[in-house]
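Engineer: Here's a sequence, model it:
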Amino acid sequence: MRLDRITADLPTDVPLATVVLDATRESETGEQAVLTRWKDLQRTLAEKGADDGTLDALGERIQAVSRGGGQHGRVLVATRGEVLLDCALSTPPAADEAIWAPGPNVFALARAADEHVRYLVVAVDRSGADLTLYESANVAGAAGEGTSLEGGHDVVTKVNTGGRSHRRFESRAEDSWERNAEAVAAELDRVVAARRPELVLLTGDVRARALVADEVGAQTRQVLTPVEGGSRADGVNPDAFAANVSAALLQFRLRRREDVLDRLREARGREGGAVSGRDGVLEVLRRGQVDELVITEAVAGPPSSLADRELWVGNGPLEIGLTEADVIDLGATAPHRVRADLALGWAVLAQGGGVTVADEASIGLPDGAGAVLRWNDAATPSDQVFTMSADPHREGRTRVGRRQDLDDPAV
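Structural biologist: Model (predicted):
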């Protein structure tokens, strides 16, 4: 899952606070429960060195009720007294967590990015359309950017006048529908080209939908999905339509995630196209080869299965290894230990890679980690050589140091 849409503006020269919390306020005590959870996280951040301005900004934002209803979570990133990101999670996290570190919690942001869909809702009738663009991961922002378009051809209703005049009015009405649909389709194509929504949800009058769908260009047609229940007129059931939109977004997200897993499955069948397992992933991260890191739910967290383990890192995020000697060999002058999940995430982010969180049952990955590569060469590791198995009968050495498993207390 590409992270650039939500991480592009994050600074890299100052520490960042990343907060992941259950923001559910369903019960009578829900408000107080959220504030109590935040107080615990605030204390953790203060102990780690977060400044008062950043803590105050986070507190104000968390106290503001998010647009997400029912059970849900939030991921926030802040620094220097400003909240830079406030993203929704459709389900609460398994555990609340706050970190103060040189970079964000990338795995938490990957969960938010999975729920980030830029989509365009287009409600049409026979005279025009309403277009509204949404960024679904934004909790605190506006509901959507909207515009309306009228086709300009005003004979849109067939009138039963009888005789030749009836056929003439009927023909004029159908001609108006078609002209208006052409105008809507042209505007829709323009918006799709300019704003690049990942999904276009077309709703409204059945006849108008068919006419518009026939007129749009190839780029729009590729992302067009019909959705029932919407209308430009009053009287629709907003809850039913919202449920239909949510279902369409969920199906899109599942397809998007499965596309990544298909890429990994295919690449694993090609020599040098992908790696899996800790050692292989570490090696290709160091070499800047990762296009997409795939991790399982347990690895992603919170709580991450790697959160209580550490890796060695150096001056830059790609100087990463199992031992101090590993990163010194890479040129590091100030090697130090960092939580393993954070170090892996920072290395991916530094090379512009994506992160996809996969259900463990959907793909078998040694130790829950694999990577699709953007390039390979003769030195690219092989899945057959690099594994993360703790089986003592399966030996292996990385190119930069002694093999160690993440369960090893020395790591």
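Engineer: which phi and psi does Glu60 have?
Structural biologist: The main-chain torsion angles of Glu60 are listed as degrees, to the nearest 10 and equal phi -60, psi -40.
Engineer: Just list the residues touching it, thanks.
Structural biologist: Applying C-beta atoms under 8 Å, 6 or more residues apart in numbering, we find Glu60 in contact with no residue. Using the backbone N, CA and C atoms, a C-beta is placed for each residue, glycine as well.
Engineer: And it, how far from Pro381?
Structural biologist: Between Glu60 and Pro381 the computed distance is 47 Å (C-beta to C-beta, to the nearest Å).
Engineer: do Ala50 as well
Structural biologist: According to C-beta to C-beta, Ala50 stands 38 Å off from Pro381.
Engineer: Extract the residue ranges of the chain that are flagged as low pLDDT.
Structural biologist: Applying pLDDT under 70 to the predicted model, the residue ranges of the chain that meet it are 65-69, 137-144, 151-174, 383-411.
Engineer: those helices in it, which residues are they?
Structural biologist: Taking DSSP state H to define them, one finds helices in the chain at 4-7, 30-48, 52-63, 106-114, 163-195, 206-215, 218-223, 238-268, 278-286, 297-300, 324-329, 340-350.
Engineer: Mind checking those for the one nearest to Leu16?
Structural biologist: Using C-beta to C-beta as the measure, helix 52-63 is the one of the helices of the chain that comes nearest Leu16, at 8.9 Å.
Engineer: Run the angle between the closest one and helix 30-48 for me.
Structural biologist: 160 degrees (axes from the mean of the first three to the mean of the last three C-alpha atoms, to 10 degrees).
Engineer: how about helix 52-63: buried residues?
Structural biologist: Along helix 52-63, the positions that meet the burial threshold by neighbour count (16 or more other C-beta atoms under 10 Å) are Thr54, Leu55, Ala57, Leu58, Arg61, Ile62.
Engineer: what's the answer for stretch 366-374, then?
Structural biologist: Pro366, Asp367, Gly368, Ala369, Gly370, Ala371, Val372, Leu373.
Engineer: Bridged to the fourth one, which residues?
Structural biologist: Counting by DSSP bridges, Ala369 is bridged to Ile295.
Engineer: thought it was touching Arg278?
Structural biologist: Yes: shown here, Ala369 and Arg278 form a contact pair, counting by C-beta atoms under 8 Å, at 6.2 Å.
Engineer: tell me the two of the buried residues of helix 52-63 that are most distant?
Structural biologist: With distance counted by C-beta to C-beta, no two of the buried residues of helix 52-63 lie farther apart than Thr54 and Ile62, which are 12.4 Å apart.
Engineer: Which single one of the buried residues of stretch 366-374 is nearest to Ala94?
Structural biologist: Within these, distances to Ala94 taken as C-beta to C-beta reach their minimum at Gly368, with 15.2 Å.
Engineer: What distance do you get for the residue lying closest to the closest one once chain neighbours are set aside to His116?
Structural biologist: Leaving out its chain neighbours, the residue that sits closest to Gly368 by C-beta to C-beta, 6 or more residues apart in numbering is Thr296, at 3.6 Å. From Thr296 over to His116 the distance is 20 Å, taken as C-beta to C-beta.
Engineer: quick one: Arg278 and Val299, what's the gap?
Structural biologist: Arg278 sits at a distance of 10 Å from Val299 (criterion: C-beta to C-beta).
Engineer: Just want to know which of the two has more residues nearby.
Structural biologist: The residue with more neighbours, out of Arg278 and Val299 and counting by other C-beta atoms under 10 Å, is Arg278; that gives 27 against 24.
Engineer: how much space between the residue nearest the centre of the chain and Asp22?
Structural biologist: Residue closest to the mean C-alpha point of the chain, counted by C-alpha atoms, centre = their mean, is Ala113 at 1.5 Å. Distance, Ala113 to Asp22, by C-beta to C-beta: 19 Å.
Engineer: Next, the contact list for Ser304, please.
Structural biologist: With contacts defined as C-beta under 8 Å, 6+ apart, the neighbours of Ser304 are Phe107, Ala298, Asp341.
Engineer: who's in contact with the last one?
Structural biologist: What it means is Asp341. Asn105, Phe107, Val299, Ala300, Gly301, Ser304, Leu306, Ala307.
Engineer: Next: Glu150.
Structural biologist: If a contact means C-beta under 8 Å, 6+ apart, then Glu150 has Ser127, Gly128, Asn180 as its contacts.
Engineer: Please tell me how far the closest residue to Val77 other than its chain neighbours sits from His116.
Structural biologist: Of all residues not flanking Val77 in the chain, Leu85 sits nearest, at 4.1 Å (C-beta to C-beta, 6+ apart). When C-beta to C-beta is applied, the distance between Leu85 and His116 equals 11 Å.
Engineer: what's the overlap in contacts for those two?
Structural biologist: Once C-beta under 8 Å, 6+ apart is applied, the residues that Leu85 and His116 both contact turn out to be Ile6.
Engineer: Quick check: the residue lying closest to Val192 once chain neighbours are set aside vs Ser127, distance?
Structural biologist: In space, Val192 comes closest to Thr220 once its chain neighbours are excluded; the distance is 4.7 Å by C-beta to C-beta, 6+ apart. In this structure, Thr220 and Ser127 are 20 Å apart, going by C-beta to C-beta.
Engineer: just Gly321 next, same as before
Structural biologist: From Gly321 over to Ser127 (counting by C-beta to C-beta), the distance is 64 Å.
Engineer: Could you do Val34 as well?
Structural biologist: With distances defined as C-beta to C-beta, the gap from Val34 to Ser127 amounts to 45 Å.
Engineer: same question, Pro11
Structural biologist: Pro11 is 48 Å from Ser127, where distance means C-beta to C-beta.
Engineer: Between these two, which has more neighbouring residues?
Structural biologist: Ser127 (22 against 11).
Engineer: does that one really touch Asn180, like I thought?
Structural biologist: Yes: checked against C-beta under 8 Å, the pair Ser127 and Asn180 is within contact range at 5.7 Å.
Engineer: Much appreciated, bye for now.
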